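Q: give me coordinates for this.
(one chain, ligands or ions: 1)
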Amino acid sequence: MTPSIRPANPSRPGFVGEVAGIDLRQPIGAAEAAAIIDGMDRYAVLVFRNQDIDDQQQIAFTRHFGPLELATGDIVQGEARRLTMEVNDISNLDSDSSVLARDDRRRLFSLGNMLWHSDSSFKATPAKYSLLSARVLPSKGGNTEFADMRAAWDALDAETQALVRDLVCEHSQLFSRGVLGFTDFTEAERAKWAPVPQRLVRRHPGSGRLSLFLSAHAGAIRGWPVPEARALLRDLTEHATQRDFVHAHVWQPHDLVMWDNRATMHRARRYAAEQPRDLHRTTVADVAPTLEQAA
Ligand SMILES: [Fe+2]
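A: Next up, the predicted model:
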């Protein structure tokens with residue numbers, strides 16, 4: 001059976017679709033995978049409700065869309081990892097599943113997810129798709145918001161489009177964490193997150209549309225003075241995250257949300273620090289660094 005996809009918000013058709021007629025606990029076939037890829041190109045965010053999956057089922061589903069990225073974006077830490085390296089730990093939990101202390105360094109680092117970003121834009125080859133599965137949710141708050149970066153590009157005036165069209169940014173987790181005042185990096189972390197170049201404007205292969213490739217990880221523009229670069233990036237981010245371009249996903253248990261990092265930004269919203277929130281993310285790597293992709 002081919003899954004059906006309809007706009008998540010029928011009163012405002014946009015870049016978020018809701019998928020029905022698929023059970024992610026079962027292996028899917030080529031036709032189902034193709035329908036999902038087609039939906040991802042048409043929308044940019046797909047919501048799958050009531051998918052009570054485990055990590056192995058999530059990994060198996062994710063493999064249909066390309067090679068999995070490993071969770072190497074974590075801070076360098078001695079503690080045991082709670083999840084396998086194929087799964088990014090988007091939680092506030094320690095390896096024994098207790099809630100991290102409010103001042104735990106891992107928690108403070110993860111608060112960078114509350115800034116608008118595109119996953120793994122700090123890696124030379126960034127992320128293509130992210131798939132986030134809700135396992136444990138707080139009683140309120142903790143929404144994930146998405147912004148449509150193809151619509152953001154389309155809505156720029158011609159002069160700004162010409163200004164930014166060929167710019168190359170530098171992305172690093174040192175920049176995004178620095179915005180929140182998290183700056184006590186070890187030498188190993190500084191070396192691991194040396195800035196990488198990314199095009200500011202990309203052509204999205206599946207739709208042929210141009211997209212603004214912004215992210216909180218972007219902290220410099222090649223050939224520009226840093227304050228001028230950051231002012232422009234802030235300005236573009238403000239433009240791209242106007243409420244008309246934003247969809248707030250309100251999580252229900254066992255939701256799986258899949259998004260295209262080449263065409264969207266996202267951010268997590270606040271929730272109570274003492275309540276557990278446990279989401280598992282698998283990530284599909286893009287095919288090449290953005291400078292090597294068609295402009
Ligand atoms: Fe993220």
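Q: please enumerate the helices of this protein.
A: For the chain, the helices defined by DSSP state H occupy 30-42, 55-62, 105-110, 149-154, 158-164, 173-179, 187-192, 226-240.
Q: contacts for the longest one, please.
A: Yep, that's helix 226-240 we're talking about. 116, 147, 149, 152, 155-156, 164, 169, 212, 214, 218-221, 224, 265 (Cβ atoms under 8 Å, 6 or more residues apart in numbering). (Glycine included, C-beta is placed from N, CA and C.)
Q: counting neighbours, which of the residues you listed comes out on top?
A: In terms of neighbour count, residue 149 stands highest of the contacts of helix 226-240 at 31 neighbours, by other Cβ atoms under 10 Å.
Q: need the contact list for it.
A: Contact analysis of residue 149 by Cβ under 8 Å, 6+ apart lists 211, 212, 213, 214, 240, 263, 264, 265.
Q: if you set the cut-off to 6 Å instead, what comes out?
A: Residues in contact with residue 149 (Cβ atoms under 6 Å, 6 or more residues apart in numbering) are 211, 212, 240, 263, 264.
Q: go on, residue 65?
A: Counted by Cβ under 6 Å, 6+ apart, residue 65 has contacts 129, 284.
Q: now do the one 10 residues further on
A: The neighbours of residue 75, taking Cβ under 6 Å, 6+ apart as the test, are residue 109.
Q: so what pLDDT did it get?
A: Residue 75 carries a pLDDT value of 77.
Q: would you quantify the distance from it to residue 88?
A: According to Cβ to Cβ, to the nearest Å, residue 75 stands 13 Å off from residue 88.
Q: same check, this time on residue 221
A: To residue 88, residue 221 is 28 Å away according to Cβ to Cβ.
Q: poorly predicted segments of the stretch 1-150 of the chain, please.
A: 76-79 (pLDDT under 70).
Q: tell me, how many neighbours does residue 40 end up with?
A: Quick note: residue 40 (other Cβ under 10 Å) scores 23 neighbours.
Q: for it, which non-adjacent residue is spatially closest?
A: Leaving aside its chain neighbours, residue 40 sits nearest to residue 260 (5.5 Å; criterion: Cβ to Cβ, 6 or more residues apart in numbering).
Q: and residue 268, by the same measure?
A: Leaving aside its chain neighbours, residue 268 sits nearest to residue 113 (4.6 Å; criterion: Cβ to Cβ, 6+ apart).
Q: contacts only, for the residue nearest the centre of the chain.
A: The centroid of the chain falls nearest to residue 119 when counting by Cα atoms, centre = their mean (3.7 Å). Listed by Cβ under 6 Å, 6+ apart, the contact partners of residue 119 are 127, 130, 261.
Q: quickly note the distance from the residue nearest to residue 40 to residue 224.
A: Distance of residue 260 to residue 224, given as Cβ to Cβ: 28 Å.
Q: likewise for residue 230?
A: 9 Å.
Q: likewise residue 2?
A: In terms of Cβ to Cβ, residue 2 sits 47 Å off from residue 224.
Q: try residue 135
A: Relative to residue 224, and taking Cβ to Cβ, residue 135 is found at 42 Å.
Q: just to revisit the earlier point, neighbours of the residue nearest to residue 268, just the number please.
A: When neighbours are counted by other Cβ under 10 Å, residue 113 registers 16.
Q: tell me if I'm right that it and residue 270 touch.
A: No. Between residue 113 and residue 270 there is no contact under Cβ atoms under 6 Å: 11.0 Å.
Q: leaving out sequence neighbours, find the closest residue to residue 49.
A: Counting by Cβ to Cβ, 6+ apart, residue 49 lies nearest to residue 255, which is 5.9 Å off, once chain neighbours are set aside.
Q: residues near the one you found, how many?
A: 19.
Q: do the same with the one 5 residues further on
A: Number of residues near residue 260 (other Cβ under 10 Å) recorded here: 27.
Q: now do residue 176
A: 24.
Q: what's the closest non-adjacent residue to residue 35?
A: Leaving out its chain neighbours, the residue that sits closest to residue 35 by Cβ to Cβ, 6+ apart is residue 2, at 5.1 Å.
Q: the one you found and residue 30, how far apart?
A: Residue 2 sits 11 Å away from residue 30 when distances are taken as Cβ to Cβ.
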